[in-house]
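Student: sequence plus predicted model, see below.
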Amino acid sequence: MGTNGRRHRDLMIISPLDAVSPLDAVSPLNAVRALCVLVLAVLLPLGCGSPAAVSTRPAIAATTTATQDLGTATSSTATPTTSIPSASTSATSTPSTSTPTAATSSTTAPSPLLTPPPHPQRSPIPRATPEPVFAWTVHKVSVKRLGASWRRGCPVPASALRSVSVRFWGFDRRPHTGVLILHRDVVKRTRGVFATMFDRKFPLRSVRPVSAFGASDDASMAADNTSAFNCRRAVATGPPTWSRHAYGRAIDVNPVENPYLFGNRVLPPAGKKFTDRSSARRGMIRRRDPIHRAFLDAGYRWGGDFSNPDYQHFDR
């Protein structure tokens, strides 16, 4: 083959992947060598993507270019080598997409441990309701205000009477305000009696002038009304006389709980269940109880001591 042939063979031995000279391509041995180079060029990229396969790629490309001049068979065999991608290349060219992780979402959501506790609601401090106090207010009274309870010929003029606004405890255990019509001479002494009733929470059903009942004593007693002035005759035996109520100097207290036993009659009739005075019940006045003593201390006498007991009645 001469010197040139030996030089080419030496080059092929040193670097089998070097390009094949056109002068040696015509020999069968060189053709086999070129085919082996092409096979290696196809098989090496199909490996695990090792650095050796990547590094040989420029040499293979150069060999493929040189062998394309040798003939159709050689170039057609080398063509697939340029179309097969490397596993390493495809791996590096694949775009990566970022996916939000649990750590990212946890940084945006407020931690329950870091959330400040709500301020406790302060319940309003209940204010103590002031204890009701006794009240006793005195006013002059007109004939018009007295209504049917006063008329011409009564034993006292209207100017001698007073309208008293008084606070009392009801049977509902609540304070109420009522009105008494009294003679001016007994107003001051009577105040202490009703103050004792209030302090003892002694219940009264109603405290209204009898004019609210048409000046009917029977209607006032049936309503269990506590009253004072009423220009009427006394309910008693013997000749007619003015009642102490006609002077504004008598008071009837809770007529139902403290009835008037007049002969075989009970006034009012609803007081029959209270004729037995042996045991105390609410609204009753019994001998030597605080209300009885308060009246006596104010200079009143008690109708319960009469021959016909009148437990509701006090006069002076």
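Tutor: Sure thing, it's come through. Numbering: from 1, shown residues only.
Student: from here on, just use CA atoms for contacts and neighbour counts.
Tutor: OK.
Student: dump stretch 163-178 to CSV, keeping only the CA atoms.
Tutor: Output in CSV follows, covering the C-alpha atoms of stretch 163-178 (Å, rounded to 0.1, in the frame of the first residue of the first chain):
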residue,chain,number,x,y,z
SER,A,163,-105.1,64.0,101.2
VAL,A,164,-102.1,61.8,102.1
SER,A,165,-100.1,59.9,99.5
VAL,A,166,-98.6,56.8,101.2
ARG,A,167,-96.4,54.0,100.0
PHE,A,168,-97.2,50.5,101.1
TRP,A,169,-96.5,46.8,100.3
GLY,A,170,-99.1,44.9,98.4
PHE,A,171,-100.0,41.2,98.6
ASP,A,172,-97.8,40.8,95.5
ARG,A,173,-94.8,41.7,97.7
ARG,A,174,-94.2,44.9,95.7
PRO,A,175,-94.4,48.5,96.8
HIS,A,176,-97.4,50.6,95.7
THR,A,177,-98.7,54.1,96.4
GLY,A,178,-102.2,54.8,97.7
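Student: hey, where'd the strands end up in this structure?
Tutor: Applying DSSP state E to the chain gives strands spanning 136-140, 161-169, 175-183, 206-207, 225-226, 250-252, 260-262, 265-267, 301-302, 313-315.
Student: dump these to JSON lines, plus distance to Gly214, mean pLDDT and mean neighbour count.
Tutor: Below are the strands of the chain laid out as JSON lines (distance: least, CA to CA, whole Å; pLDDT from 0 to 100; neighbours: other CA atoms under 10 Å):
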{"stretch": "strand 136-140", "distance to Gly214": "21", "mean pLDDT": "98", "mean neighbour count": "14"}
{"stretch": "strand 161-169", "distance to Gly214": "17", "mean pLDDT": "98", "mean neighbour count": "22"}
{"stretch": "strand 175-183", "distance to Gly214": "15", "mean pLDDT": "98", "mean neighbour count": "21"}
{"stretch": "strand 206-207", "distance to Gly214": "15", "mean pLDDT": "98", "mean neighbour count": "23"}
{"stretch": "strand 225-226", "distance to Gly214": "13", "mean pLDDT": "98", "mean neighbour count": "24"}
{"stretch": "strand 250-252", "distance to Gly214": "17", "mean pLDDT": "98", "mean neighbour count": "24"}
{"stretch": "strand 260-262", "distance to Gly214": "21", "mean pLDDT": "96", "mean neighbour count": "21"}
{"stretch": "strand 265-267", "distance to Gly214": "18", "mean pLDDT": "97", "mean neighbour count": "16"}
{"stretch": "strand 301-302", "distance to Gly214": "26", "mean pLDDT": "98", "mean neighbour count": "19"}
{"stretch": "strand 313-315", "distance to Gly214": "20", "mean pLDDT": "98", "mean neighbour count": "23"}
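Student: so which of those strands is nearest Pro239?
Tutor: Smallest distance to Pro239 across the strands of the chain (CA to CA): 15.9 Å, for strand 260-262.
Student: mind giving me the packing neighbours of that closest one?
Tutor: The contact analysis (3 or more CA pairs under 8 Å, 6 or more residues apart in numbering; DSSP states H and E) places strand 260-262 against strand 265-267.
Student: so which elements touch the strand it packs on?
Tutor: Counting by 3+ CA pairs under 8 Å, 6+ apart, strand 265-267 packs on strand 260-262.
Student: re the thing from before, okay if I get the strands of the chain as a markdown table plus distance to Thr129?
Tutor: Formatted as a markdown table, the strands of the chain follow (distance: least, CA to CA, whole Å):
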| stretch | distance to Thr129 |
| --- | --- |
| strand 136-140 | 21 |
| strand 161-169 | 17 |
| strand 175-183 | 13 |
| strand 206-207 | 25 |
| strand 225-226 | 28 |
| strand 250-252 | 33 |
| strand 260-262 | 40 |
| strand 265-267 | 40 |
| strand 301-302 | 37 |
| strand 313-315 | 35 |
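Student: got any ranges where the stretch 101-250 of the chain has weak pLDDT?
Tutor: Filtered on pLDDT under 70, the stretch 101-250 of the chain yields the residue ranges 101-120.
Student: which parts of the protein are helices?
Tutor: Ranges of helices in the chain, per DSSP state H, are 2-14, 28-43, 51-55, 57-67, 72-78, 87-93, 102-108, 143-146, 187-199, 217-222, 290-297.
Student: tell me which of the strands of the chain lies nearest to Ala128.
Tutor: For the strands of the chain, proximity to Ala128 was assessed by CA to CA; strand 175-183 is nearest, at 16.8 Å.
Student: I'd say Val166 and Leu182 touch.
Tutor: No: using CA atoms under 8 Å, Val166 is not in contact with Leu182; the gap is 11.9 Å.
Student: now Ala215, nearest residue through space, not along the chain?
Tutor: Ser149 (4.9 Å; CA to CA, 6 or more residues apart in numbering).
Student: so what's the one you found up against?
Tutor: Residues in contact with Ser149, defined by CA atoms under 8 Å, 6 or more residues apart in numbering, are Val210, Ser211, Gly214, Ala215, Phe229, Asn230, Cys231.
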